[in-house]
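# quick one, fold the following:
(chains A and B)
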Amino acid sequence: MPPEDKKNYWSPYIAGVGIGLTLLAAFFFAGRGLGASSAFARGAAAVANSTNPRYAAGLAYFSDYLREGSPFRDWIVFEVAGLFLGALTSALFTRSFSLRFDRGKGAGRFARFLGAFTGGLLIGFSSRLARGCTSGVGLSGAGQLALSGWIFLLSLFVSGLLTAFIARRGLWG
Amino acid sequence: MGLTSNLAAAVDPMLLVAGVTGFFFGVFLDRGGLGNPHKLTGVFYFTDFTVPKVMFTAILTAACGLYLLSGLDLMSLDSLWIVPTYFWPQITGGVLFGTGFVLSGYCPGTSVAGLASGRLDALVAMAGIASGSFLFALSYPFIGNFYDSSSMGTVTLPDLTGLDPWAVIGILGLVALAMFFVMEQVERRG
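Down below sits the predicted model:
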């Protein structure tokens, strides 16, 4: 990683308390936790709907997303837009913003492109199956002490370890 | 009409809460180094334990706050949307997600933070995540039964164990402290 990044970051415990208090604020003021992945599903449903409305309306899973109207009026889309602005502000203020195609030492550009996309495919699919991602089920669920969050995080961790072990060279290791 | 409905959306207090909590979430993700795929995947190689340190600290902070506020009757857990448990779908989801996490170097929220720090590989991951959601919608007619299987409702660890929430938080806190201690040792040696 670039050396300026290392110096720049806050203690993970401080960042963790910050995220925990933000999550608590969402619980308190909105009655729900923080999420991310369903914004992507909303986006995919909106794209499908604008390219071929009849086809999109036939997809039973997306019909719920489309019935609620425009994705821009949705909670999660506003939250993720805020996330982007917050991270951008932070990166600009700390002068850590730089355009790059980040990848592991052993990965070429094409391998990185393929890994990022196929990994994303798996994440998009599995987030729908699990009813959320590391934020919506993992962080928010575990913070409520809900069983869902803990079983999701545990199986994620074991599977990640196995994947990293099998593919130790060529990705990040 | 368009303008007035946009204005109505802009002053909707819930959407304001969404934007503001999202903003702080983004700031803390970026400052914690969670927009950086090297740090995000480090735990799986035992080289960088940023992710579990941030996650466990955040989870315990939120859990303490939540049960404190409800204990003081400042908020009711009944009014909170608890993430429901679908046992096997969520285990399977976690397994697929873990592989995707290591392959892409991000998860959905952190890919947005990664892009915000200028990482264009995060944009590729984001395109993958949106496409994966579409793939799920395509497969839904075939896996809908599994998707709805092993439903356990809004079960929590205190419900499941019969323990007081504070006992559960105490146990998790001790586990976290032991984990943090080991992680600091491993990072110092590495």
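# residue ranges in chain B under the pLDDT threshold?
B:1-11 (pLDDT under 70).
# in it, which spans are helices?
B:2-11, B:13-31, B:37-41, B:50-71, B:87-104, B:108-116, B:120-147, B:157-161, B:165-189 (DSSP state H).
# please identify the deepest-packed of those helices.
helix B:108-116 (a mean of 29; mean count of other CB atoms under 10 Å in any protein chain shown). Glycine gets a C-beta too; all of them are placed from N, C-alpha and C.
# output the contacting helices and strands for that one.
In this structure, helix B:108-116 packs against helix A:37-51, helix A:75-93, helix A:109-130, helix B:13-31, helix B:120-147, with contacts taken as 3 or more CB pairs under 8 Å, 6 or more residues apart in numbering or on different chains; DSSP states H and E.
# for B:Val182, find the nearest of these.
helix B:13-31 (24.1 Å; CB to CB).
# and that closest one with helix B:108-116, angle?
Interaxial angle, helix B:13-31 versus helix B:108-116 (axes from the mean of the first three to the mean of the last three CA atoms, to 10 degrees): 70 degrees.
# what does helix B:13-31 rub up against?
A:9-10, A:14-15, A:18-19, A:22, A:25-26, A:29-30, A:34, A:73, A:75-76, A:78-91, A:94, A:96, A:135, B:9, B:35, B:109-110, B:112-113, B:116-117 (CB atoms under 8 Å, 6 or more residues apart in numbering or on different chains).
# how about a cut-off of 7 Å?
With contact meaning CB atoms under 7 Å, 6 or more residues apart in numbering or on different chains, helix B:13-31 is reached by A:9-10, A:15, A:18-19, A:22, A:25-26, A:29-30, A:34, A:75, A:78-87, A:89-91, B:9, B:35, B:109-110, B:113, B:116-117.
# just the buried residues of those.
The neighbour count (16 or more other CB atoms under 10 Å in any protein chain shown) marks A:9-10, A:15, A:18-19, A:22, A:25-26, A:29-30, A:34, A:75, A:78-87, A:89-91, B:35, B:109-110, B:113, B:116-117 as buried among these.
# for the residue lying closest to B:Thr154 once chain neighbours are set aside, give its distance to A:Phe117.
Nearest non-adjacent residue to B:Thr154, counting by CB to CB, 6 or more residues apart in numbering or on different chains: B:Ile82, 3.8 Å away. According to CB to CB, to the nearest Å, B:Ile82 and A:Phe117 sit 34 Å apart.
# per-residue pLDDT, the closest residue to A:Ser38 other than its chain neighbours?
Nearest residue to A:Ser38, sequence neighbours excluded (CB to CB, 6+ apart): A:Ile76, at 5.1 Å. At A:Ile76, the model reports a pLDDT of 94.
# let me see the contact set for A:Ile76.
By CB under 7 Å, 6+ apart, the contact list for A:Ile76 reads A:Gly35, A:Ser38, A:Ala39, A:Arg42.
# how far away is it from B:Gln90?
To B:Gln90, A:Ile76 is 19 Å away according to CB to CB.
# re the thing from before, surely the residue nearest to B:Thr154 touches A:Leu147?
No: under the criterion of CB atoms under 7 Å, B:Ile82 is not in contact with A:Leu147, lying 9.9 Å apart.
# list the buried residues in stretch A:88-97.
Neighbour-count burial for stretch A:88-97 [16+ other CB under 10 Å]: A:Leu88, A:Thr89, A:Ser90, A:Ala91, A:Thr94, A:Ser96, A:Phe97.
# need these in JSON lines with distance to chain B and pLDDT, can you?
Listed next are the buried residues of stretch A:88-97 as JSON lines, based on distance: CB to the nearest CB, whole Å; pLDDT from 0 to 100:
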{"residue": "A:Leu88", "distance to chain B": "4", "pLDDT": "98"}
{"residue": "A:Thr89", "distance to chain B": "7", "pLDDT": "98"}
{"residue": "A:Ser90", "distance to chain B": "4", "pLDDT": "98"}
{"residue": "A:Ala91", "distance to chain B": "4", "pLDDT": "97"}
{"residue": "A:Thr94", "distance to chain B": "7", "pLDDT": "95"}
{"residue": "A:Ser96", "distance to chain B": "6", "pLDDT": "94"}
{"residue": "A:Phe97", "distance to chain B": "5", "pLDDT": "96"}
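# now, which of these sits nearest B:Cys64?
Nearest to B:Cys64 among the buried residues of stretch A:88-97: A:Ser90, at 25.3 Å, using CB to CB.
# would you mind measuring from the closest residue to that closest one other than its chain neighbours to A:Gln144?
Of all residues not flanking A:Ser90 in the chain, B:Asp30 sits nearest, at 4.0 Å (CB to CB, 6+ apart). Distance, B:Asp30 to A:Gln144, by CB to CB: 25 Å.
# low-confidence ranges in chain A?
Ranges of chain A meeting pLDDT under 70: A:1-7, A:68-73, A:173.
# need the outlier residue of chain A, farthest from its centre.
A:Arg54 (29.1 Å; CA atoms, centre = their mean).
# can you name every helix or strand that the helix or strand where that residue lies contacts?
Using DSSP states H and E, A:Arg54 sits in helix A:53-58. Other helices and strands packing on helix A:53-58, by 3 or more CB pairs under 7 Å, 6 or more residues apart in numbering or on different chains; DSSP states H and E, are helix A:37-51, helix A:60-67.
# next, format these as JSON lines and append mean neighbour count.
Below are the helices and strands packed on helix A:53-58 laid out as JSON lines (neighbours: other CB atoms under 10 Å in any protein chain shown):
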{"stretch": "helix A:37-51", "mean neighbour count": "22"}
{"stretch": "helix A:60-67", "mean neighbour count": "16"}
